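**Q** No letters, just coordinates:
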């Protein structure tokens, strides 16, 4: 049973710690956008920069921290005996929670484009979206949506 617990904890970390990043791309619409009227504007990409987006964890970071603490505690409990084992377990819990949190944070990063676009009306805007398609400087694009809900698509 002691060998099974770390495997289960790692599995839970892997599955539950992943963020849903599909909605950050230009090819995915949320259910509330379907059937809704959206504004379409046109523009030209002036500058592109690769960036990273830190997606929110579905579990709010608890899975990485908690899973890491469990794994660290289990590993620490394998060391020594008596009060030494207790100290090793406590140290394992602390180190595991820090490591698990960092692993979850890293797993929830998404490559994205920061696109500076000059709209046809002369206004410059910046849109960040998941890098799920290729763009290049000088490319004509469609800006679909409004306000904080804009996606960029090739024209």
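**A** Good, I have the coordinates. Just so you know, these numbers come straight off a predicted model, no measurement behind them.

**Q** what helix or strand does residue 95 sit in?
**A** Per DSSP states H and E, residue 95 falls inside helix 83-107.

**Q** Need the contact partners of stretch 76-83.
**A** By CB atoms under 8 Å, 6 or more residues apart in numbering, the surrounding residues in contact with stretch 76-83 are 85, 87, 88, 89, 90, 91, 92, 93, 95, 96. In this view, the C-beta of every residue, glycine as well, is placed from N, C-alpha and C.

**Q** Now the longest strand along the chain: average pLDDT?
**A** If you go by DSSP state E, the chain has its longest strand at strand 40-54. On average, the pLDDT along strand 40-54 is 94.

**Q** What residues of it count as buried?
**A** Using 16 or more other CB atoms under 10 Å as the burial criterion, the residues of strand 40-54 that qualify are 41, 43, 45, 48, 53.

**Q** could you point out where the chain is predicted with low confidence?
**A** 1-27, 29-30, 32-33, 35, 56-66, 68-69, 73, 80, 97, 99-108 (pLDDT under 70).

**Q** Okay, helices next: where are they in it?
**A** Residue ranges of the helices in the chain, as given by DSSP state H, are 4-16, 62-76, 83-107.

**Q** what's the neighbour count on residue 84?
**A** Other residues within reach of residue 84, judged by other CB atoms under 10 Å, total 10.
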